[in-house]
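Q: Mind folding the following:
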Amino acid sequence: TIFGFLAIPRLYQHRVLFWGILGVIAFRAVLIGLGAALVHEFSWVLFGFGAFLVFTGLRMFKHQDETPDIEHNPVFRFLTSRFRVTKELHGRNFTVKQADPKTGKLVTWLTPLAVALVMVETVDLIFAVDSVPAVFAVTQDTFIVYTSNIFAILGLRALYFALAAAMNRFRYLQTSLAIILVLVGIKIFLVPMGIKIDTLLSLLVTVGILAGGIVFSLYKTRNEPDISAEQAPQTGQLEP
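A: Modelled structure (predicted):
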């Protein structure tokens, strides 16, 4: 959605995703470290994690048909109002030197590629608020929590272009994810009570819900063409 709105061609999407992954490695380490410390010191924090996941899952049900409004996104509006942003791309550059229209002095401008990178990193931080607590439902081992997150992100990075080419086909995937979040939230609630759900059972249920959402999505959208990120509506208007 971000790439489509900012009209970032596939040629440069790789660059944003590469630097985005490096940011993920650092930010996830901080978030997971804080989460592990909280769980270690205050076991009741797991109840908060569980409640948050259940709330997030229910909220996803309510807003699953809404399209993200990038133009009014707080991060996008902050960047375009506080920084000089060029209207056009400048190759692979995140910044470029150009004359200030008011003073004529040579100053640094952000390019749409830089705006995309910041927004991608921000989205990952928001997703981490869901995914990090979810992993604590499985294990409180910090090493496993961190490495599983990084492997998941790297796997999604590799699959990105395959998924982006058919993003409109997975219409009901968010419903599946919402159900999983609610179930994981309930599972976290049970951990401090000493009630442990078998890992294999949890895995089978998760895979079954995801597979069901994907198969049902593909069936319902079987006559629709694939739409890539480049073909998404490009309505963004960057103003310096």
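Q: switch to C-alpha atoms for all contacts and neighbour counts from now on
A: Will do.
Q: Give the ranges of residues in the protein that sit below the confidence cut-off.
A: Applying pLDDT under 70 to the chain flags the ranges 63-68, 165-167, 224-240.
Q: which stretches of it form helices?
A: For the chain, the helices defined by DSSP state H cover 2-5, 10-41, 45-63, 74-82, 112-136, 142-164, 173-190, 199-220.
Q: Serialize these to a markdown table and add fields for distance to residue 100 and mean neighbour count.
A: A markdown table is the format used below for these (distance: least, Cα to Cα, whole Å; neighbours: other Cα atoms under 10 Å):
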| stretch | distance to residue 100 | mean neighbour count |
| --- | --- | --- |
| helix 2-5 | 25 | 21 |
| helix 10-41 | 26 | 16 |
| helix 45-63 | 42 | 19 |
| helix 74-82 | 14 | 14 |
| helix 112-136 | 17 | 20 |
| helix 142-164 | 37 | 15 |
| helix 173-190 | 44 | 21 |
| helix 199-220 | 49 | 15 |
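Q: Figure out which of those helices is closest to residue 93.
A: When these are compared by Cα to Cα, helix 112-136 sits nearest residue 93, at 7.3 Å.
Q: Show residues contacting the closest one.
A: Residues outside helix 112-136 that contact it (Cα atoms under 8 Å, 6 or more residues apart in numbering) are 2-3, 6, 8, 12, 16-17, 19-20, 23-24, 27-28, 31-32, 35, 46, 49-50, 53, 56, 75-76, 79, 85-89, 92-95, 145, 149, 181, 184-185, 188, 238.
Q: related to what we said a few turns ago, any chance of the helices of the chain in CSV, with distance to residue 99 too?
A: Output for the helices of the chain, formatted as CSV (distance: least, Cα to Cα, whole Å):
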stretch, distance to residue 99
helix 2-5, 26
helix 10-41, 25
helix 45-63, 43
helix 74-82, 17
helix 112-136, 17
helix 142-164, 36
helix 173-190, 45
helix 199-220, 50
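Q: out of those, which comes closest to residue 103?
A: Residue 103 lies closest to helix 74-82 among the helices of the chain, at 17.0 Å (Cα to Cα).
Q: helices or strands next to the closest one in the packing?
A: For helix 74-82, the contact count by 3 or more Cα pairs under 8 Å, 6 or more residues apart in numbering; DSSP states H and E identifies helix 112-136 as packing neighbours.
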